[in-house]
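Asks: here is a sequence together with a model predicted from it:
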Amino acid sequence: RLQRLAMESRLAIPLLFGIDAIHGNANCPDNTVYPTNIGLACTFNTELARHIARQTAAEMRAMNMHWTFNPNMEVARDARWGRCGETYGEDPYLVERMGVETVLGLQGNLDGENDVLACVKHLIGGSQPDNGTNGSPADISERTLRTTFFPPFKAGVDAGAATVMPSHNELNGIPCHSSRWLMTDVLRREWGFKGFVVSDWMDIEHLHDLHGTASSVEEAYSQSIEAGMDMHMHGPGWVDTVCNLVRSGRISEQRIDDSVRRILTYKFRLGLFEHPFADPEKTMQVRLCPEHRRTSLEAARQSIVLLKNEGGLLPLDAKRYRKILVTGINAQDENIMGDWSASQRPENVVTILEGISHCVADSDAEVVYVSQGWDPRNMDPKRVKRAAEVACTADLNIVVAGEYMMRHRWNDRTCGEDTDRSDIGLVGLQEELIRQVAQSGKPTVLVLVNGRPLGVEWAADNLPAIVEAWEPGMYGGQAVAEILFG
């Protein structure tokens, strides 16, 4: 409806719809949810990264969406920071390679009906904040910027990324959203960037109300545009204020023309003037199609990391166990999809409990599930005690621990955007659960579902097997079970 209104307007300039399609177009229901970027990085499979990006672009265009704010090419160096799972990790070269393939997969040649714009973000330093919190200041030497943090971004630009997004934070005392050095001197003059720069949500206004470097919102707009900003992600009040800045002579009309030209160029390249609408009759022929589902499962399989396997406990042989305890906050929850995911239909998500039950279905093993709820911050000691009691009667115990990332419970999450922590240990009674279950003396396997590295020292010292599943996507439960049972 919005696009139709735009096409009925005087100039008939189509709208460009952007969305955070970070691991598939997972922010919308009825789309394929792949593992998050940190898990994808653990595959070390650059071809797979491009393949997933290509499928994501097709599902986006099937919903008439044209632009994703991905890949996040920040080099994650502080595990307290909640957005580690959105990145490709701590190694600049791996971040570069995975990010470049994602750009190429999303954009294609930017001339086809299944191509979308990529956005290389966030420029720069937000992944090494002074106190571990999203958007807090970063003090990083130029040498470290150029040897560690810049290379992935430059590679993304060289790969043809259409858009770049600055980071929330200030860098060495200057907010990135008003840094002419970053947006113009480095990005355009040094690296030759030809696309457009888009702000992050409300970060231009934050020059005034957070950073305090602009005396008013109008001054914030002026500073950001003069530094090199082309588009405001937020919008209300932007157009009228920018027009006033031009009329008053504070910003030249030529400067506005430069940004408009860049944005229109990509609307033309995407074919939006000729084909502004998607076909609603064909949308579900693309979204969640069998090929995409298979890719999601295979990516999940490849993303899982074996951290410990003492005495060769894994792979498990279902025929050896009569009773298997499964417990933990992430055993039976769609949280396995990870951050930047909307709730999906239950039939399109395989939980870890469901995956395990399926893997042992042909054996005599009984799977006993003791729920710990979904919220690690409010675990019930009685449920922990119940799990410990069942563990004593079981032949094998599987504890599925980690963090909570689902966005529909924004204030209840322990990991993800704007969910930073002062320590990286397991939240709540999770370690107590692991200890009590392990005290049964029965073999105990720990499976972690999380978006950041976690401190699990006790488990590492005392359990025979630990599996890092990260945020494995909609078929993560099947993939984890397959790994556990070989």
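Replies: Perfect, I can see it now.
Asks: when you work out contacts or count neighbours from here on, use the C-alpha atoms and nothing else.
Replies: Fine.
Asks: what lies in contact with stretch 335-345?
Replies: 20-23, 26-30, 33-36, 85-86, 330, 334, 351, 404-408, 415-417, 449-451, 471-474, 476-477 (Cα atoms under 8 Å, 6 or more residues apart in numbering).
Asks: show me the strands in the chain, by range?
Replies: 18-19, 67-68, 119-123, 163-166, 170-171, 174-175, 196-197, 305-309, 323-327, 366-370, 396-402, 444-449, 465-468 (DSSP state E).
Asks: what is the second one packed up against?
Replies: Just to be clear, that refers to strand 67-68. Applying 3 or more Cα pairs under 8 Å, 6 or more residues apart in numbering; DSSP states H and E, we find strand 67-68 packed against strand 18-19.
Asks: the last one too?
Replies: For strand 465-468, the helices and strands in contact under the criterion 3+ Cα pairs under 8 Å, 6+ apart are strand 305-309, strand 444-449.
Asks: out of the strands of the chain, nearest to residue 360?
Replies: Nearest to residue 360 among these is strand 366-370; the distance by Cα to Cα comes to 8.2 Å.
Asks: does anything pack onto the closest one? Which helices or strands?
Replies: strand 323-327, helix 381-393.
Asks: let's have the ones you listed in a markdown table, adding mean pLDDT.
Replies: Putting the helices and strands packed on strand 366-370 into a markdown table (pLDDT from 0 to 100) gives the following:
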| stretch | mean pLDDT |
| --- | --- |
| strand 323-327 | 98 |
| helix 381-393 | 98 |
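Asks: closest to residue 261 out of those?
Replies: Among the helices and strands packed on strand 366-370, strand 323-327 sits nearest to residue 261 (Cα to Cα), with 56.1 Å.
Asks: angle of that closest one against helix 381-393?
Replies: Angle, strand 323-327 to helix 381-393, by axes from the mean of the first three to the mean of the last three Cα atoms, to 10 degrees: 160 degrees.
Asks: need the residues that contact strand 323-327.
Replies: The contact list for strand 323-327 (Cα under 8 Å, 6+ apart) reads 353, 365-372, 387, 390-391, 393-400.
Asks: which of the residues you listed are buried? Put it as a PyMOL command.
Replies: In PyMOL, a selection of the buried entries from the contacts of strand 323-327 looks like this (16 or more other Cα atoms under 10 Å):
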select buried, resi 353+365+366+367+368+369+370+371+372+387+390+391+394+395+396+397+398+399+400
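Asks: still on that earlier bit, and among the helices and strands packed on strand 366-370, the most buried is which?
Replies: strand 323-327 (a mean of 24; mean count of other Cα atoms under 10 Å).
Asks: neighbouring strands for that strand, and are they parallel or not?
Replies: Paired strands of strand 323-327, with direction, are strand 366-370 (parallel), strand 396-402 (parallel) (DSSP bridges).
Asks: how far does stretch 382-395 sit from the chain's center?
Replies: Distance of stretch 382-395 from its chain centroid, counting by Cα atoms, centre = their mean, to the nearest Å, is 35 Å.
Asks: likewise stretch 146-165?
Replies: 18 Å.
Asks: return stretch 147-157 as CSV; C-alpha atoms alone will do.
Replies: The C-alpha trace of stretch 147-157 is given here as CSV (Å, rounded to 0.1, in the frame of the first residue of the first chain):
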residue,chain,number,x,y,z
THR,A,147,45.4,-2.9,10.8
THR,A,148,42.5,-4.5,12.6
PHE,A,149,39.1,-2.7,12.2
PHE,A,150,39.3,-1.0,8.8
PRO,A,151,40.3,-4.0,6.5
PRO,A,152,37.0,-5.8,6.6
PHE,A,153,35.1,-2.5,5.8
LYS,A,154,37.5,-1.6,2.9
ALA,A,155,37.1,-5.1,1.5
GLY,A,156,33.3,-4.7,1.7
VAL,A,157,33.5,-1.5,-0.2
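Asks: what sits up against it?
Replies: In contact with stretch 147-157 (Cα under 8 Å, 6+ apart) are residues 73-75, 92-93, 95-97, 99-100, 103, 120-121, 123-125, 191, 193.
Asks: picking up where we left off before, could I get the strands of the chain as CSV with distance to residue 150?
Replies: Listed next are the strands of the chain as CSV, based on distance: least, Cα to Cα, whole Å:
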stretch, distance to residue 150
strand 18-19, 25
strand 67-68, 21
strand 119-123, 8
strand 163-166, 13
strand 170-171, 13
strand 174-175, 17
strand 196-197, 16
strand 305-309, 28
strand 323-327, 43
strand 366-370, 47
strand 396-402, 31
strand 444-449, 30
strand 465-468, 29
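Asks: which one, of those strands, ends up nearest to residue 376?
Replies: strand 396-402 (8.3 Å).
Asks: got the angle for the closest one vs strand 444-449?
Replies: Here strand 396-402 points in a direction 20 degrees away from that of strand 444-449 (the same axes, to 10 degrees).
Asks: offset the numbering so it begins at 27, please.
Replies: In the new numbering, first residue 27, that becomes strand 422-428.
Asks: show residues contacting strand 422-428.
Replies: Contacts of strand 422-428 (Cα under 8 Å, 6+ apart): 347, 349-357, 417, 452-453, 456, 460, 463-464, 468-476, 480.
Asks: thinking again about what came up before, any of the contacts of stretch 173-183 buried? List them.
Replies: Looks like those have 99-101, 118-119, 121-123, 125-126, 129, 146-147, 149-151, 219 buried, using 16+ other Cα under 10 Å.
Asks: give the contact list for the most centrally placed residue in the chain.
Replies: The centre of the chain sits closest to residue 112, judged by Cα atoms, centre = their mean, with a distance of 3.3 Å. Contacts here follow Cα under 8 Å, 6+ apart; on that basis residue 112 touches 48, 62-64, 98, 365, 442, 477.
Asks: over to residue 197?
Replies: Contacts for residue 197 (Cα under 8 Å, 6+ apart) come out as 150-151, 163-166.
Asks: quick check: pLDDT value at it.
Replies: Per-residue confidence (pLDDT) for residue 197: 97.
Asks: can you name the residues bridging to it?
Replies: Counting by DSSP bridges, the residues bridging with residue 197 are residue 164, residue 200.
Asks: measure it to residue 228 for me?
Replies: Residue 197 is 18 Å from residue 228, where distance means Cα to Cα, to the nearest Å.
Asks: which ones among the contacts of stretch 361-371 lie within helices?
Replies: Counted as lying in helices by DSSP state H, out of the contacts of stretch 361-371, are 502-503.
Asks: out of the contacts of stretch 361-371, which end up buried?
Replies: 46-49, 52-54, 56, 59-62, 111-112, 356, 360, 377, 430-433, 441-443, 475-477, 497-500, 502-503.
Asks: tabulate the contacts of residue 197 (CSV), appending pLDDT.
Replies: Shown next, in CSV, are those (pLDDT from 0 to 100):
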residue, pLDDT
150, 95
151, 95
163, 95
164, 95
165, 96
166, 96
